[in-house]
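[1] Requesting a structural model of the entry that follows:
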Amino acid sequence: MTREIPGPGTGRPRTPARGPGAATGDDDVRLIRVLVVDDHRIFAEGVTAEITHGTPDIRVLGAAHDVDTALAAATALRPDVILLDVHLPGGQGGGGAEVAQAVQELMTDRGLPVRCLGLSVSDAEEDVLAVIRAGARGYVTKSITGPELVDALRRVADGDAVFSPRLAGFVLDAFRGTAPPVPTELDLLSPREQQVMKLIARGYTYREAASALFISDRTIETHVSSVLRKLQLTNRYELSRWARDRRVI
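    Take a look at the predicted model:
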């Protein structure tokens, strides 16, 4: 059942469980083990502090900051829930959707899948639907409050599907086949060009983008030139505005 996030203090009471997590010492509380995946390290640290403060049933196992380290951490740590940003460097350029799809194959020996909850500043349809189609159990935006996020993690760990209220409608429409067409401008770009475009539009320098993607500065310049030509833009400032206007970042 799809559930929207209730306001703070309205979450359902916790019930005794013997689910995926280990016991915390209280027989009535199940431990939910979480992996935080976000390329902004400071944000990841803040989320970790927020969701573990005063919540003995949630333990953050660690954080990852790109596709490759996220998959390695998911394999090694076997979390119950991955709190997953959409825009991530590394891998094949698929970002959070690439992680969500890959972890569906990482069924744990506890008999339950690793569940993903998307958490992003973006509420663009293409970002939300890509992550959900890849197997995530929900998607919330970074405007969410701490108590709401804790409740969302608990619900996803219990097997519910959770969305920020504004997103639930078009996700349901999409899976009923009635969603409006997703803008196709991004289809002009290759997966690598999309990845480079998002980094540059978010303010990365060429050198920082090259470091994040493990490629050369010259290759970044080549990709940016191709992106600007395909989108009929003249510079990176227009690119940033284009990406913000379309909620790509």
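[2] where along this protein do the helices fall?
    Listed in chain order, the helices of the chain (DSSP state H) span 41-52, 67-77, 95-103, 125-133, 146-157, 165-176, 191-201, 206-213, 217-231, 236-245.
[3] quick one: low-confidence parts of this protein?
    For the chain, the stretches with pLDDT under 70 are 1-29, 105-113, 169-184.
[4] go again using 80 as the cut-off
    Within the chain, the stretches with pLDDT under 80 are 1-30, 92-93, 104-113, 123-125, 165-187, 245-249.
[5] Using CSV, please lay out the helices of the chain together with mean neighbour count and distance to Asp85.
    Where you see a C-beta, it was placed from the backbone N, CA and C, and this is true even at glycine. As requested, these are exported to CSV (neighbours: other C-beta atoms under 10 Å; distance: least, C-beta to C-beta, whole Å):
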stretch, mean neighbour count, distance to Asp85
helix 41-52, 16, 8
helix 67-77, 18, 9
helix 95-103, 25, 6
helix 125-133, 21, 10
helix 146-157, 22, 13
helix 165-176, 14, 15
helix 191-201, 22, 11
helix 206-213, 18, 13
helix 217-231, 16, 21
helix 236-245, 15, 16
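[6] can I get those helices in TSV with distance to Leu117?
    What follows is the helices of the chain, written out as TSV (distance: least, C-beta to C-beta, whole Å):
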stretch	distance to Leu117
helix 41-52	11
helix 67-77	13
helix 95-103	10
helix 125-133	9
helix 146-157	5
helix 165-176	12
helix 191-201	21
helix 206-213	24
helix 217-231	30
helix 236-245	24
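[7] Tell me which of these lies nearest to Cys116.
    helix 95-103 (4.5 Å; C-beta to C-beta).
[8] For that closest one, name the packing helices and strands.
    For helix 95-103, the elements it packs on are helix 67-77, strand 81-84, strand 115-120, helix 125-133, judged by 3 or more C-beta pairs under 8 Å, 6 or more residues apart in numbering; DSSP states H and E.
[9] quick revisit: for Arg30, find the nearest of the helices of the chain.
    That would be, of these and by C-beta to C-beta, helix 146-157, which comes in at 7.8 Å.
[10] roughly how far is that closest one from the heart of the chain?
    Relative to its parent chain, helix 146-157 has a centroid offset of 14 Å by C-alpha atoms, centre = their mean, to the nearest Å.
[11] by contact count, what packs against it?
    strand 32-37, helix 41-52, strand 58-64, strand 81-84, strand 115-120, strand 138-141, strand 161-163.
[12] JSON lines for the ones you listed, including distance to Thr205?
    Listed next are the helices and strands packed on helix 146-157 as JSON lines, based on distance: least, C-beta to C-beta, whole Å:
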{"stretch": "strand 32-37", "distance to Thr205": "23"}
{"stretch": "helix 41-52", "distance to Thr205": "17"}
{"stretch": "strand 58-64", "distance to Thr205": "23"}
{"stretch": "strand 81-84", "distance to Thr205": "26"}
{"stretch": "strand 115-120", "distance to Thr205": "22"}
{"stretch": "strand 138-141", "distance to Thr205": "27"}
{"stretch": "strand 161-163", "distance to Thr205": "35"}
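[13] Indicate which one of those is closest to Leu186.
    strand 115-120 (15.9 Å).
[14] so Arg30 touches Asp57, yeah?
    Yes - checked against C-beta atoms under 8 Å, the pair Arg30 and Asp57 is within contact range at 6.3 Å.
[15] Comparing these two, which shows the higher neighbour count?
    For Arg30 versus Asp57, neighbours defined as other C-beta atoms under 10 Å are more numerous around Arg30 (22 against 19).
[16] who's the more buried one bridged to?
    On the basis of DSSP bridges, Arg30 takes part in beta bridges with Ala23.
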